[in-house]
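Asker: Structure here, sequence nowhere to be found:
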DNA sequence: CTGTTAGCGCCTTCAT
DNA sequence: ATGAAGGCGCTAACAG
């Protein structure tokens, strides 16, 4: 027995297709009694709307854009790759996605790009950006024009975004701290912490979470002042090298930033000392480092998941649907040598 | 500018819609030269097929069934719940999914259920079952009748399934071992291991992986013989209680099985001793145990992900499509107190 | 307020 | 080997 269609509703309720459609789409111009009758029939015969057919008739299509920093580290290369793949995939779903890459750390340029977007044809944007007042305003403007705005990776808690897709970076920092604390055991040691810049909200939050758990639960461990390596592997190598030379007794390293290849070099150069190392993001570098034992754990966020989730959200927002909450939850993943795959 | 459609192809190639359709769907009855011309036009104008419209015209719908053991532990309750949710969701995608629950550990009953399935209307099944010869044969039969068969959660390596969706349980066991090894540090200790039954392939593999890494990398740790608790929490409580009483110096516990509430009871009853505990699957029990520090880590597989992935695969197999490999990879997740969410 | 009608992009008889 | 025409389930003018 085939599924009931709008025709079945019309027949059973004794009305026309147009009326059924009005009820289905909550459009005005139908007598309450009629609405009621149609609703009843819908319920009775167990009608389920065929979304695909509806979208076809509506000639609905989606225009989304990802706004991301034009950085070139492994993480951002990966992000770009994942979005590109999503672009290809989305073509069959009548969904056009484009990428706008804006200079990092330049709120003005970013705002300029946001203003350029044609909010007439645009249905949604997914943005990774620091939260400055100008950016907050630009986001507000887009939202007012009916564009769905999703924050990704780095949260924008005070902006009027529809949703944030990414991990809780405070919890991520706490997780890193917990791992190191448990690995290190009860003897007192020093931990070296390296961040990218303390401008990036995600990095700041990780550091915050890390510090919090260390003081709460591992007071015998001494966390050294943060070294800023500006996501630059050369600088990272130099700074870490210098730090380790100055304090050879350092027992562990927590790397918040990107540019981990420099870290690996610094660690392997001067070496027989066994140190526990936890870093962020699974890249070729960090994967190799896990495999050969230079890193002990990597805290990862699944970029593919983030991008797909953002797209699902923009689409759901565009047609006022809701989605499976659990599927959209981005997890703080702990990757060790043995669960690399 | 709107997307090119079949009409555009027809116009540009100087043929009719029917011919275009034949080329599009690789159906015979078109002169090679014509095929070539149409193909060229398709490429030129950048035509992308609207799958939704195609399925609509085709009146395509999908019939899938999940075959799972009728167990009632937290893990299986969760599995059932997730499938039920997927069933509701799938209705809008012209996809009908049903659940067949079969007695656990009864290959005959399972085979009988499989034979009952109407392979005429069925497009795919996702099955969790031990791999016996009869089951292998039943699977082969279904496949021969054109049904897509996906193994889930517990692998069926020697059966002719299209894909397996789940984690590598050997690696999961190794991950548990690595965690405990690192937590415990260099002093020699005893580890208690509790399994469900050594019939279930997934449990056996976890134990195997665990043992392997312990002998390879932590030879100073003494792994006690496996205790079988048959996924029963009462039995679990009793056996663990007895084991801890007999050897109070046990420094860690690895729980492969379900029935963890018994484990928690046994551990908290007799107590001030600090023991490291790693278990599998995130349930209400294990979540609470992580929160209050009874468990140190939980190895988890995302059941929602597994179910959604299996559905995507059955659908892709049914229409000979391929999908994003990385999205279908089920990860071995390490959950600590701090990355619970 | 309600109904008629013509599509949306694609597939599929049935002719030619 | 090719084409014309109707229909899949739903929506949206345009009439009444």
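Answerer: Yep, that arrived. These figures come from a predicted structure and were not determined experimentally.
Asker: mean confidence score for the helix or strand harbouring residue A:206?
Answerer: Following DSSP states H and E, one finds residue A:206 within helix A:201-217. What helix A:201-217 shows for mean pLDDT is 95.
Asker: for stretch A:157-166, same thing?
Answerer: pLDDT averaged over stretch A:157-166 gives 95.
Asker: in it, what's buried?
Answerer: A:159, A:161, A:163, A:164, A:165, A:166 (16 or more other Cβ atoms under 10 Å in any protein chain shown). Any C-beta I mention is one placed from the backbone N, CA and C, and that applies to glycine too.
Asker: wait, isn't the fifth one in contact with residue A:306?
Answerer: Yes. Counting by Cβ atoms under 8 Å, residue A:165 sits close enough to residue A:306 to count as a contact (5.4 Å).
Asker: how near is the residue in the stretch 151-300 of chain A that DNA strand C sits nearest to to DNA strand D?
Answerer: Nearest to DNA strand C, among the residues of the stretch 151-300 of chain A, is residue A:162, at 28.4 Å (Cβ to the nearest atom of the strand). According to Cβ to the nearest atom of the strand, to the nearest Å, residue A:162 and DNA strand D sit 23 Å apart.
Asker: and if you look at residue A:317?
Answerer: Separation of residue A:317 from DNA strand D (Cβ to the nearest atom of the strand) stands at 18 Å.
Asker: hang on, isn't residue A:276 packed against residue A:185?
Answerer: No. Residue A:276 is beyond contact range of residue A:185, at 10.1 Å (criterion: Cβ under 8 Å).
Asker: Tell me which of the two has more neighbours.
Answerer: Under the criterion of other Cβ atoms under 10 Å in any protein chain shown, the comparison of residue A:276 against residue A:185 puts residue A:276 first, with 20 against 16.
Asker: Quick check: which element contains the nearest residue to that one once chain neighbours are set aside?
Answerer: Spatial nearest neighbour of residue A:276, excluding adjacent residues (Cβ to Cβ, 6 or more residues apart in numbering or on different chains): residue A:252 at 4.1 Å. Element membership of residue A:252, judged by DSSP H and E, is strand A:250-255.
Asker: Can you list the neighbours in contact with that strand?
Answerer: A:176-177, A:180, A:183-184, A:189-194, A:210, A:224, A:240, A:243-244, A:263, A:267, A:275-280 (Cβ atoms under 8 Å, 6 or more residues apart in numbering or on different chains).
Asker: per-residue confidence averaged over the host helix or strand of residue A:76?
Answerer: Applying DSSP H and E as the criterion places residue A:76 in helix A:74-90. Here helix A:74-90 scores 94 as its mean pLDDT.
Asker: Just name whatever secondary elements it is in contact with.
Answerer: strand A:62-69, strand A:95-102, helix A:303-318 (3 or more Cβ pairs under 8 Å, 6 or more residues apart in numbering or on different chains; DSSP states H and E).
Asker: From the contact counts, what lies against the first one?
Answerer: Yep, that's strand A:62-69 we're talking about. So strand A:62-69, by 3+ Cβ pairs under 8 Å, 6+ apart, packs with helix A:74-90, strand A:95-102, helix A:107-116, strand A:124-127, helix A:303-318.
Asker: My guess is the residue of the stretch 151-300 of chain A closest to DNA strand C contacts residue A:317. True?
Answerer: Yes. At 5.5 Å, residue A:162 and residue A:317 qualify as touching, with contact defined as Cβ under 8 Å.
Asker: shared neighbours, the two?
Answerer: Contacts common to residue A:162 and residue A:317, judged by Cβ under 8 Å, 6+ apart, are A:148, A:150.
Asker: and stretch A:195-213, how far from the chain's centre?
Answerer: 17 Å (Cα atoms, centre = their mean, to the nearest Å).
Asker: circling back: what is the orientation angle of the strand holding residue A:252 with helix A:201-217?
Answerer: Calculated by axes from the mean of the first three to the mean of the last three Cα atoms, to 10 degrees, strand A:250-255 forms an angle of 150 degrees with helix A:201-217.
Asker: The helix or strand just after strand A:250-255 vs helix A:74-90, what angle?
Answerer: Moving toward the C-terminus from strand A:250-255, the next helix or strand (DSSP H and E) is helix A:260-269. Helix A:260-269 and helix A:74-90 meet at an angle of 140 degrees, taking the same axes, to 10 degrees as the criterion.
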